[in-house]
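Asker: When you get a sec, could you give me coordinates for this:
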Amino acid sequence: MADCSLTLLDTPEAVLGMVRAYLGKDPGALTPENVDAAVNTLLVIRPSIQTFDNTKFLNTLPTGEICVANTFAGDYAMAIGRATEAGIDVNLGYFVPNPARRSGAITSASPLMRPIPGMRLCF
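Answerer: Residues are numbered from 1 along each chain as shown. Alright, predicted model coming up:
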């Protein structure tokens with residue numbers, strides 16, 4: 001992901017819960033060990049994180065400033081709408097977490113025209 005930036009939700013509880021689920025842990029378990037494991041996992045991708053926000057991606061994802069947005073499900077459709085309104089032709093992909101590891105309606109969106117090797121394995 002050297003030439004790609006991503007944005008994560010500015011909602012620590014949601015992001016840490018998602019990472020704990022990715023690690024196979026209970027998303028709601030706030031034990032020191034689970035929190036440390038989630039933080040250490042996020043530190044691996046920290047150099048690629050451009051922002052922590054819940055709305056800026058609506059503009060930066062369609063324009064290609066970022067290539068992955070961790071967001072709530074309904075916001076994905078808003079990003080497509082913004083791109084259409086601006087006359088930007090973009091084909092966004094939508095990835096829903098494994099239902100067995102679901103920690104809410106959190107998704108990752110990525111322009112399909114810019115494949116990111118291994119990204120589907122990140123979250």
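Asker: all helices of the chain, in order?
Answerer: Taking DSSP state H to define them, one finds helices in the chain at 12-22, 32-45, 57-63, 73-85, 119-122.
Asker: Any idea what the residue most central in space within the chain is bridged to?
Answerer: Nearest to the geometric centre of the chain sits residue 70, at 2.0 Å (CA atoms, centre = their mean). Under DSSP bridges, the beta-bridge partners of residue 70 are residue 108.
Asker: any idea how far residue 9 is from it?
Answerer: 5 Å (CB to CB, to the nearest Å). All C-beta spots, glycine's among them, are computed from the backbone N, C-alpha and C.
Asker: Let me know the pLDDT of residue 59.
Answerer: On pLDDT, residue 59 comes in at 81.
Asker: So it is in contact with residue 78, correct?
Answerer: No: judged on CB atoms under 8 Å, residue 59 makes no contact with residue 78 at a distance of 10.3 Å.
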